[in-house]
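Student: Structure of the sequence below:
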Amino acid sequence: MKYDCSKLDEFINGEIEKSRIAGASLIVYKDGEILFDKNFGHANIENNIKISDNTRFRLASMTKPITAVAAMIAVEHGLFKLDDYVYEYLPEVKDLNLKDENFNNISDEKYNFTIRQLLRHSAGFAISAGESRAFTLLKDEDLYELKDCIKYVKDIGLQFIPGTKMGYSGSYAYNIVARVIEVTSGLKYSTFLNNYLFKPLKMDHISYVFNEGDEKAISYKSIDGKLEYFDDLNRGFECYYPGYESGGAGLICRKSDYFRFALMLLNKGKLDGVRVLKEESFNELLHYDPTPNFESGGTETFGLSFFVRDAKYSGWQKLPSGCFGWSGAYGTHFWVDPVNNMIVLYLHNSSTFGGSGAPQHTQIESDIVDIFNLTR
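Tutor: All right, here's what the predicted structure looks like:
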């Protein structure tokens with residue numbers, strides 16, 4: 001069956017013409033076939049470098065699903081269990097207090113969190129209420145290596161009692177997960193990823209650093225109808241230096257690499273005859289219990305790093321029930337639709353329009369639903 005995808009071209013080209021984004025890549029896959037695969041605009045306006053299949057994008061929080069899969073691989077290897085308390089592996093994070101916005105203790109009660117709670121954003125860290133301010137506590141020498149991520153956890157404290165709510169953690173929670181993987185495996189986090197995920201899946205151009213000669217998607221801000229160069233080449237993600245192996249952000253790859261990762265997810269843990277994850281482990285990634293959002297009070301349906309669309313709770317989501325995926329701060333966005341056998345991977349290079357709910361992401365979701373007549 002043929003589908004008219006012209007509205008996708010029109011929308012993305014229109015966003016570029018309005019100087020809202022510099023460029024983008026989009027892949028639409030359905031029923032074993034890539035139906036749409038195009039690059040638009042510039043990776044680097046100043047040097048007139050167009051986005052191509054070789055362009056490497058900064059994934060930002062689309063690193064998190066990779067960390068969740070890595071955690072399930074570690075569980076399969078017997079390194080830990082999801083419901084283990086993290087202090088069993090990192091004693092420094094034992095017995096945390098709830099703290100206010102000035103990092104003062106709210107009470108004398110102490111709490112502990114599990115690996116599952118970290119992955120579900122229910123461990124007590126919330127970017128909206130303390131985690132962002134926590135960066136002010138970090139010293140420059142602690143921004144190079146993952147092992148230093150836990151030094152300030154007790155000072156930062158928790159914003160809510162673990163397991164009672166969902167509060168999105170930009171980096172801290174997933175950094176802790178990655179550090180647990182390091183401690184229990186005896187490997188650097190990047191080595192664990194390469195050995196157990198990237199090499200088996202033939203994700204050949206993914207790493208925490210840009211290489212010399214890479215076609216880099218420079219991030220731009222859209223201000224008053226103009227694009228302004230944003231990238232700080234001395235940083236990997238936010239305050240971290242390049243090469244900081246964050247579990248929450250920082251990976252860089254070509255669209256073909258992440259597409260292979262998404263194909264593995266659509267196939268419930270395997271790709272090209274290679275199984276990197278047992279099907280029961282894959283199912284664990286998508287298991288959720290409806291949870292109140294710490295900030296808004298609304299109901300969240302998060303699995304282990306993935307949003308999972310449930311029509312009963314996520315009415316704002318345009319996608320069919322059962323879809324799962326996530327987004328990143330520099331404009332990356334993907335979802336897998338197991339009911340309709342689809343993958344959509346959209347990448348643009350904007351620090352203005354990024355993260356979950358970016359207008360380009362929601363518009364493409366709406367267009368895909370209309371083009372393919374998907375039941376919501």
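Student: from here on, contacts and neighbour counts on C-alpha atoms
Tutor: Fine.
Student: quick one: contacts for Ala311?
Tutor: Residues near Ala311 by CA atoms under 8 Å, 6 or more residues apart in numbering: Pro320, Ser321, Arg376.
Student: Any quick PyMOL command for the buried ones out of the residues you listed?
Tutor: Burial among the contacts of Ala311 is assessed by 16 or more other CA atoms under 10 Å; the matching PyMOL selection reads:
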select buried, resi 320+321
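Student: Make a markdown table from the contacts of Ala311 and add distance to Phe334 to it.
Tutor: Formatted as a markdown table, the contacts of Ala311 follow (distance: CA to CA, whole Å):
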| residue | distance to Phe334 |
| --- | --- |
| Pro320 | 14 |
| Ser321 | 15 |
| Arg376 | 17 |
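Student: which one of the contacts of Ala311 sits closest to Cys149?
Tutor: Relative to Cys149, the closest of the contacts of Ala311 is Ser321; by CA to CA it sits at 36.1 Å.
Student: Against Met264, how distant is that closest one?
Tutor: As defined by CA to CA, to the nearest Å, Ser321 lies at a distance of 20 Å from Met264.
Student: residue boundaries of the strands in the stretch 151-300 of the chain?
Tutor: Taking DSSP state E, counting those that start in this stretch as the test, the strands found in the stretch 151-300 of the chain are 206-207, 215-216, 220-223, 226-229, 252-254, 270-271, 274-275, 291-292, 299-300.
Student: where does this structure have its least confident helix or strand?
Tutor: helix 131-134 (a mean of 67; mean pLDDT, DSSP states H and E).
Student: Could you look up the SS state of Ala24?
Tutor: Here Ala24 takes the strand state, with states given by DSSP: H, G, I helix; E, B strand; the rest coil.
Student: residues contacting it?
Tutor: Contacts of Ala24 by CA under 8 Å, 6+ apart are Ile12, Asn39, Phe40, Gly41, His42, Ile51, Tyr346, Leu347, His348, Asn349.
Student: List the ones among the residues you listed that fall in strands.
Tutor: The members of these that map onto strands under DSSP state E are Asn39, Phe40, Gly41, His42, Tyr346, Leu347, His348.
Student: where does the stretch 201-350 of the chain have low pLDDT?
Tutor: Across the stretch 201-350 of the chain, the ranges flagged by pLDDT under 70 are 232-235, 315-316.
Student: Apply 90 and report the result again.
Tutor: Low-confidence segments of the stretch 201-350 of the chain (pLDDT under 90): 211-213, 230-242, 295-297, 311-318.
Student: Going along the chain, name the helices of it.
Tutor: 255-266, 279-286 (DSSP state H, counting those that start in this stretch).
Student: do the same with the stretch 51-200 of the chain
Tutor: For the stretch 51-200 of the chain, the helices defined by DSSP H, counting those that start in this stretch cover 64-76, 115-119, 131-134, 153-156, 172-185, 189-193, 199-201.
Student: looking at those, which one has the lowest mean pLDDT?
Tutor: Ranked by mean pLDDT, these bottom out at helix 131-134, with a mean of 67.
Student: about what we covered before: in TSV, list the strands of the stretch 151-300 of the chain along with distance to Lys312 and mean neighbour count.
Tutor: Shown next, in TSV, are the strands of the stretch 151-300 of the chain (distance: least, CA to CA, whole Å; neighbours: other CA atoms under 10 Å):
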stretch	distance to Lys312	mean neighbour count
strand 206-207	36	21
strand 215-216	40	21
strand 220-223	35	20
strand 226-229	39	16
strand 252-254	35	24
strand 270-271	30	20
strand 274-275	33	14
strand 291-292	13	18
strand 299-300	10	20
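Student: do you know which of these lies nearest Arg309?
Tutor: Ranking the strands of the stretch 151-300 of the chain by proximity to Arg309 (CA to CA) places strand 299-300 first, at 9.4 Å.
Student: quick one: strands adjacent to that closest one?
Tutor: If you go by DSSP bridges, strand 299-300 pairs up with strand 291-292 (antiparallel).
Student: Give me the contacts around the strand it pairs with.
Tutor: With contacts defined as CA under 8 Å, 6+ apart, strand 291-292 is touched by Thr164, Lys165, Met166, Gly298, Thr299, Glu300, Thr301.
Student: Can you pull up the most central residue in the protein?
Tutor: Met62 (2.3 Å; CA atoms, centre = their mean).
Student: doesn't Ser246 make contact with it?
Tutor: No - here Met62 does not reach Ser246: they are 11.6 Å apart, not a contact under CA atoms under 8 Å.
Student: Now the common contact residues for the two.
Tutor: Joint contacts of Met62 and Ser246 (CA under 8 Å, 6+ apart) do not exist.
Student: what sits against Ala70?
Tutor: Ala70 makes contacts with Phe192, Leu193, Tyr196, Leu197, as judged by CA under 8 Å, 6+ apart.
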